[in-house]
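[1] Kindly generate the corresponding structure for this input.
(chains A and B)
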Protein chains: 2
Amino acid sequence: MKARVYVTLKPSVLDPQGKAIHHAVEGIGYHGITDVRQGKYFEVAVDGSLSPDEARAEVERIARDVLSNPVIEDYRVELDSSTEA
Amino acid sequence: MKARVYVTLKPSVLDPQGKAIHHAVEGIGYHGITDVRQGKYFEVAVDGSLSPDEARAEVERIARDVLSNPVIEDYRVELDSSTEA
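    Just a heads-up that it's a prediction; the model follows:
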């Protein structure tokens, strides 16, 4: 079973890396882009012996404790439904 | 309109950062995780004057040319449907 974890900076937190990308993208001539924010993305493969609920709980804990900094970041966990059964 | 870009290492490419996370997660006592791979995630805000098709084409170009290294990485673009209309 596979889970996907998305970690993004909270909207109130400045994202200098995203700003740099936005600036670069404008500099090389792309138009119509008003903002870029960068986050992190993790694919976590979970042992098939866990139920989907257990797997989600385990990955949520890892996302909160290891993969994100809850002071400045939000996280979102998705279980891959195609491999959930 | 908002687009999300996911950049992941191709499956054949080693991911030492993901391996380090996997090792750390096991070391602090999480069970049932068989693999972790890290990728990048971008939220790109697109000017509302572009049609959804134009916006997708523009973001696809940026994903290919700027946000990813096509030699070792794959990318995926999603237009946020809630803001697509």
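
[2] which residues touch the lowest-mean-pLDDT helix or strand in chain A?
    Within chain A, no helix or strand scores below helix A:52-62, which has a mean of 92 by mean pLDDT, DSSP states H and E. Outside helix A:52-62, the residues that touch it by C-beta atoms under 8 Å, 6 or more residues apart in numbering or on different chains are A:1, A:3, A:5, A:44, A:46, A:50, A:77, A:79, A:84, B:25, B:30-33. Any C-beta I mention is one placed from the backbone N, CA and C, and that applies to glycine too.

[3] and residue A:30, what does it touch?
    So residue A:30 contacts B:58, B:61, B:62 (C-beta under 8 Å, 6+ apart).

[4] do the same with residue A:39
    By C-beta under 8 Å, 6+ apart, the neighbours of residue A:39 are A:6, A:7, A:8, A:9, B:40, B:41, B:42, B:43.

[5] My reading is that it lies in a strand. Confirm?
    Yes: with DSSP: H, G, I helix; E, B strand; the rest coil as the criterion, residue A:39 is assigned to a strand.

[6] What score does it have for pLDDT?
    Looking at residue A:39, its pLDDT is 95.

[7] same check, this time on the one 4 residues further on
    With respect to pLDDT, residue A:43 scores 95.

[8] what do you get for residue A:32?
    At residue A:32, pLDDT is 88.

[9] Return the set of residues that bridge with residue A:73.
    Here residue A:73 sits in beta bridges with residue A:9, going by DSSP bridges.

[10] per-residue confidence at residue A:49?
    On the pLDDT scale, residue A:49 gets 87.

[11] ok, how many other residues are close to it?
    When neighbours are counted by other C-beta atoms under 10 Å in any protein chain shown, residue A:49 registers 10.

[12] so it, which of the three states?
    With three-state DSSP as the criterion, residue A:49 reads coil.

[13] Tell me who's in contact with the spatially closest residue to it that is not a sequence neighbour.
    Nearest residue to residue A:49, sequence neighbours excluded (C-beta to C-beta, 6 or more residues apart in numbering or on different chains): residue B:32, at 6.8 Å. By C-beta under 8 Å, 6+ apart, the contact set of residue B:32 is A:46, A:47, A:49, A:50, A:54, A:55, A:58.

[14] Just the buried ones among the contacts of residue A:30, please.
    Buried subset of these (neighbour count, 16 or more other C-beta atoms under 10 Å in any protein chain shown): B:58, B:62.

[15] list the buried ones in stretch A:28-47?
    So stretch A:28-47, judged by 16+ other C-beta under 10 Å, has buried residues A:30, A:32-33, A:36-46.

[16] what's the answer for stretch A:10-27, then?
    For stretch A:10-27, by 16+ other C-beta under 10 Å, it's A:15, A:18, A:21, A:22, A:25.
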